[in-house]
Every structure is written in structure tokens, then in C-alpha cells.
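Q: model the following, please.
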Amino acid sequence: MSTSKTVAVFDRNFNVRCPTAFTEAVDKAAAKRWVKPAAYIRTAILDRLKADGFEPELGG
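A: The predicted model follows:
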């Protein structure tokens with residue numbers, strides 16, 4: 001059985017300035033879900049983009 005899986009390519013950086021409270025909350029929320037903060041943030045951005053009607057292509 002062969003399964004095809006799309007793998008996202010992380011080829012760009014996205015820098016955002018935010019309050020310390022945000023970074024602390026993201027660290028805690030990511031740990032609660034057993035993911036790294038970067039993965040938590042990518043998921044949050046993707047969820048918001050979809051809610052706003054955007055469906056970015058993530059394939060590599």
C-alpha cells in the first residue's frame with residue numbers, strides 16, 4: 001500500500017514583534033499540545049487564514 005503525503009517546505013522566516021506575554025503563552029500552549037512553538041504558531045496562522053477565506057498551498 002502506497003500513501004502520498006504532502007510535506008510543507010519551510011523556506012522563509014516570518015519575524016513578528018510581540019509582548020513577552022504572547023511568547024510565554026505560546027510556549028505553554030505548544031508544550032500542552034506536545035509541539036514546538038513554531039509549529040503551534042504555523043497552525044494558528046493557517047487556521048486564521050482559512051477562517052478569512054485563504055487556502056495557501058503548502059506542498060513542496
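
Q: check which helices and strands the helix or strand in which Ala44 is found sits against.
A: Assigned by DSSP states H and E, Ala44 falls within helix 37-51. Helix 37-51 makes packing contacts with helix 20-32 when contacts are defined by 3 or more C-beta pairs under 8 Å, 6 or more residues apart in numbering; DSSP states H and E. No exception for glycine: its C-beta is placed from N, CA and C like everyone else's.

Q: next, the angle from the helix it packs on to helix 37-51.
A: With axes from the mean of the first three to the mean of the last three C-alpha atoms, to 10 degrees applied, the angle from helix 20-32 to helix 37-51 works out at 100 degrees.

Q: quick check: buried residues in helix 20-32?
A: 26, 30 (16 or more other C-beta atoms under 10 Å).

Q: show residues contacting it.
A: 36-37, 39-41 (C-beta atoms under 8 Å, 6 or more residues apart in numbering).

Q: among those residues, which one sits closest to Arg17?
A: Nearest to Arg17 among these: Ile41, at 13.7 Å, using C-beta to C-beta.

Q: let me see the contact set for that closest one.
A: Taking C-beta under 8 Å, 6+ apart, one finds Val26 in contact with Ile41.

Q: recalculate using a threshold of 10 Å.
A: Contact analysis of Ile41 by C-beta atoms under 10 Å, 6 or more residues apart in numbering lists 14, 16, 22, 26, 29-30, 35.

Q: distance check, it against Asn15.
A: Per C-beta to C-beta, to the nearest Å, Ile41 is found 12 Å from Asn15.

Q: cool, and Glu55?
A: For Glu55, the distance to Asn15 - C-beta to C-beta - is 24 Å.

Q: of those two, give the one with the bigger neighbour count.
A: The neighbour comparison of Glu55 against Asn15 (other C-beta atoms under 10 Å) goes to Glu55, with 8 against 4.

Q: for that one, which non-adjacent residue is spatially closest?
A: Leaving aside its chain neighbours, Glu55 sits nearest to Leu49 (7.6 Å; criterion: C-beta to C-beta, 6 or more residues apart in numbering).
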